[in-house]
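Asker: here's a sequence, model it:
(one chain, ligands or ions: 1)
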Amino acid sequence: MSRSEGVSRRAFLGVLGGAGLAAAGCGPAESAGQLLVSGAPLPEPFTVPLPIPEVARPSGPGRYEVTQRVAAAEILPGSRTEVWGYGGTFPGPTFELRRGTPVTIAVRNELPVPTSTHLHGGVTPPGSDGYPTDLVVPAGHSTRHGHPGEVHHQVVKDYRYPVEQRAATLWYHDHRMDFTAPQVWRGLAGMALVRDEEEDALPLPRGERELPLMICDRSFEEDGSFRYPQAYSAHGGAHGGMHGGMHGGDWLGLDGDYMEGVEGDVILVNGAPWPVAEVAAARYRLRLLNASNARRYRLQLTPGGRFTQIGSDSGLLAAPVAHDTIPISPGERYDVVVDFSAYPVGSAVTLVNTLAEGMQRNVMRFVVTRAARDDSAVPATLSRPPRRPRPVATRTFDFRRTGESWTINAKPYRPGVPLARPRLGTAEVWRLTSDFHHPVHLHLAHFQILARNGRAPAATDGGWKDTVDVRPYEVVDVLARFDGHRGRYMLHCHNLEHEDMAMMADFEVI
Ligand SMILES: [Cu+2]
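Answerer: Model prediction:
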């Protein structure tokens, strides 16, 4: 790690002053970040076909090898964007996993920076969980100036996933200490689907009628490269910092105006700007993921229509629930079925975000091009999720700005210093309080939302989850189960700029 990276947070805090939160009051109340305007002209919406990421192919039984590398992608039509991708693609390949079939994924790092890969939603042993200072460093990377306790794996690391968990929509992304936000922004994210026999037995839409939809926002420079509000040192350096394309210097940290979080002005689905998908007049299963750094969405279908929710972050619901709108904060997933036979052939059905205005209100479009036979169904009973256990303890975690940091219980993140030690096999009520929009994510533990401000949670809060949208001045009670593995895990805000600005904490399962 270079000297400049080591001081990034301090350098950032020095320039922050008091401006960060004052700006929060100016934007729409539902906004969780600052809009970063592109230099490039915005692309025409609904012209680029929806891409579907490749499914990862094993290199041997139970083994995958994926290389993180720099590659060129055509994201804006006619221009070239440098991406940092798993397998050189953005999104990375989709991993198809099966409950009870463990896999090892060897992640090779050919990027100019260290990485740590977290399987979000995975019940993963601590050594493979993507701890922020458990790094895979590229060849020739200096090992000086690291964080205390930092671990370096040279070039490649085997991540071991037991996959002892229910069918669910998971995703994976970079989790490097201090640099998660810019590294995910550059492309380090992909989806992973766990399947099991319980799900196989259901007549849900499948094959071409099951679409993973990774939604995120980005901004672009005039030359088509990703724009991110980062500050650079004046002189260039060869210290393994964030070699930033047209910028010569080392990366110093986030531009202080963006402490709330960075929102791009181009909405991407599976890496394509405002794409269009041709669909049959039939049911489709949509695996919705908000992979944005900071942007929240309230998804709606226009000219009308309903989402039938069948699953949440951590697996299938007991029974389907219909929604007119779906709120989705960074890190969350909603597994839904949309029946396009409700629209006449020839219809355009647009997925919009009612929290945004102008171009950013658009997400993607479906065009119903043909009548089709449909043998799928959404049964009234979907699964038998684990029942709510009885909690053995209650703890409070306060997500708040303290001085010039984002903190949990007034403490900026300190690796290796756990704020809680729950016992394996028990459940606890964790009360999450907040001063702003903080999507709170727990590693390892899945939870149910018990209450918001002491009242019943929303209809969209159902099922077992790993990420919950905690809104300004809200008190959210969740019942978390600590199952699977002992060891060091984390809870943190999944607004990636907040996460990099110290809003993380360790907990240790004992
Ligand atoms: Cu936050």
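
Asker: is it true that residue 300 touches residue 323?
Answerer: No - using CB atoms under 8 Å, residue 300 is not in contact with residue 323, being 9.4 Å away. (Each C-beta comes from the backbone N, C-alpha and C, glycine too.)

Asker: neighbour-wise, which of these two wins?
Answerer: Taking neighbours as other CB atoms under 10 Å, residue 300 and residue 323 compare with residue 300 leading, 21 against 17.

Asker: can you tell me the closest non-neighbouring residue to the more buried one?
Answerer: residue 325 (4.8 Å; CB to CB, 6 or more residues apart in numbering).

Asker: any idea how far that neighbour is from the ion?
Answerer: Distance, residue 325 to the ion, by CB to the ion, to the nearest Å: 22 Å.

Asker: so which residue of the stretch 151-300 of the chain comes closest to the ion?
Answerer: Per CB to the ion, residue 261 is where the stretch 151-300 of the chain lies closest to the ion, at 7.5 Å.

Asker: pLDDT score for that residue?
Answerer: Looking at residue 261, its pLDDT is 95.

Asker: next: residue 230.
Answerer: 81.

Asker: for it, list each beta-bridge partner.
Answerer: Beta-bridge pairing of residue 230 under DSSP bridges involves residue 254.

Asker: picking up where we left off before, what about the residue nearest to residue 300, neighbour count?
Answerer: Burial of residue 325 is recorded as 17 neighbouring residues (other CB under 10 Å).

Asker: contacting residues for it?
Answerer: Going by CB atoms under 8 Å, 6 or more residues apart in numbering, residue 325 touches 298-300, 354.

Asker: which pair in the residues you listed spans the largest distance?
Answerer: 299 and 354 (7.9 Å; CB to CB).

Asker: got the contacts of residue 325 as JSON lines, with secondary structure and distance to the ion columns?
Answerer: Shown next, in JSON lines, are the contacts of residue 325 (DSSP: H, G, I helix; E, B strand; the rest coil; distance: CB to the ion, whole Å):
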{"residue": "298", "secondary structure": "strand", "distance to the ion": "18"}
{"residue": "299", "secondary structure": "strand", "distance to the ion": "21"}
{"residue": "300", "secondary structure": "strand", "distance to the ion": "25"}
{"residue": "354", "secondary structure": "coil", "distance to the ion": "22"}
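
Asker: in PyMOL, how would I select just the buried ones from those?
Answerer: Here is the PyMOL command that picks out the buried ones among the contacts of residue 325, judged by 16 or more other CB atoms under 10 Å:
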select buried, resi 299+300
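
Asker: which one of the contacts of residue 325 is nearest residue 312?
Answerer: For the contacts of residue 325, the residue nearest residue 312 by CB to CB is residue 299; the value is 14.6 Å.

Asker: helix or strand for the residue nearest to the closest one when sequence neighbours are not counted, which one?
Answerer: In this structure, residue 299 finds its nearest non-sequential neighbour in residue 326, 4.6 Å apart by CB to CB, 6+ apart. Assigned by DSSP states H and E, residue 326 falls within strand 325-328.

Asker: please, where are all the strands along the stretch 301-450 of the chain?
Answerer: Here the stretch 301-450 of the chain has its strands, by DSSP state E, counting those that start in this stretch, at 307-312, 315-323, 325-328, 333-339, 348-353, 362-371, 394-402, 405-408, 418-420, 427-434, 438-442, 446-452.

Asker: quick check: phi and psi at residue 180.
Answerer: Main-chain dihedrals, residue 180, degrees, to the nearest 10: phi -60, psi -50.

Asker: that one: how many residues sit nearby?
Answerer: 26.

Asker: who's in contact with the nearest residue to residue 428 once chain neighbours are set aside?
Answerer: Of all residues not flanking residue 428 in the chain, residue 393 sits nearest, at 4.5 Å (CB to CB, 6+ apart). Residue 393 sits next to 422, 426, 428-429 when contact means CB under 8 Å, 6+ apart.

Asker: change it to 10 Å
Answerer: Contacts of residue 393 were listed using CB atoms under 10 Å, 6 or more residues apart in numbering, and they are 420-423, 426-430.

Asker: for it, report the pLDDT, please.
Answerer: Residue 393 carries a pLDDT value of 98.

Asker: and what of residue 246?
Answerer: For residue 246, the pLDDT comes out at 35.

Asker: for the stretch 401-510 of the chain, what lies in contact range of the ion?
Answerer: Residues of the stretch 401-510 of the chain lying close to the ion by CB under 5 Å from the ion are 438, 493, 495, 498.

Asker: send me stretch 258-270 as CSV with only the CA atoms.
Answerer: Extracted as CSV, the C-alpha positions of stretch 258-270 are listed here (Å, rounded to 0.1, in the frame of the first residue of the first chain):
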residue,chain,number,x,y,z
TYR,A,258,-19.6,13.7,-2.0
MET,A,259,-19.4,12.5,1.6
GLU,A,260,-23.2,11.7,1.5
GLY,A,261,-22.5,9.3,-1.4
VAL,A,262,-22.0,9.4,-5.1
GLU,A,263,-25.0,9.2,-7.5
GLY,A,264,-24.4,8.8,-11.2
ASP,A,265,-26.6,10.3,-13.8
VAL,A,266,-26.7,7.3,-16.1
ILE,A,267,-28.7,4.3,-14.8
LEU,A,268,-27.2,0.9,-15.9
VAL,A,269,-28.8,-2.5,-15.8
ASN,A,270,-26.3,-5.4,-16.2
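
Asker: the ion contacts on the chain?
Answerer: Residues of the chain lying near the ion (CB under 5 Å from the ion): 438, 493, 495, 498.

Asker: returning to what we had before: surely the residue nearest to residue 299 meets residue 309?
Answerer: Yes - with contacts counted by CB atoms under 10 Å, residue 326 reaches residue 309, the gap being 7.3 Å.

Asker: who's more crowded, these two?
Answerer: Each of residue 326 and residue 309 has its neighbours counted (other CB under 10 Å); residue 309 has more, 25 against 20.

Asker: the more buried one contacts residue 458, doesn't it?
Answerer: No - look at residue 309 against residue 458 with CB under 10 Å: they stay out of range, at 11.6 Å.

Asker: what sits in contact with each of those two?
Answerer: Here residue 309 and residue 458 have residue 323 as joint contacts, going by CB under 10 Å, 6+ apart.

Asker: TSV for the strands of the stretch 301-450 of the chain, including distance to residue 70?
Answerer: Shown next, in TSV, are the strands of the stretch 301-450 of the chain (distance: least, CB to CB, whole Å):
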stretch	distance to residue 70
strand 307-312	35
strand 315-323	35
strand 325-328	30
strand 333-339	28
strand 348-353	31
strand 362-371	27
strand 394-402	34
strand 405-408	30
strand 418-420	36
strand 427-434	37
strand 438-442	28
strand 446-452	35
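
Asker: which among those strands is found nearest to residue 123?
Answerer: Taking CB to CB, strand 446-452 is the member of the strands of the stretch 301-450 of the chain nearest to residue 123, at 7.9 Å.

Asker: next, the angle strand 307-312 makes with the closest one.
Answerer: If you take axes from the mean of the first three to the mean of the last three CA atoms, to 10 degrees, strand 446-452 sits at 130 degrees to strand 307-312.

Asker: next structured bit after strand 446-452?
Answerer: Taking DSSP H and E, what comes next after strand 446-452 is strand 467-470.
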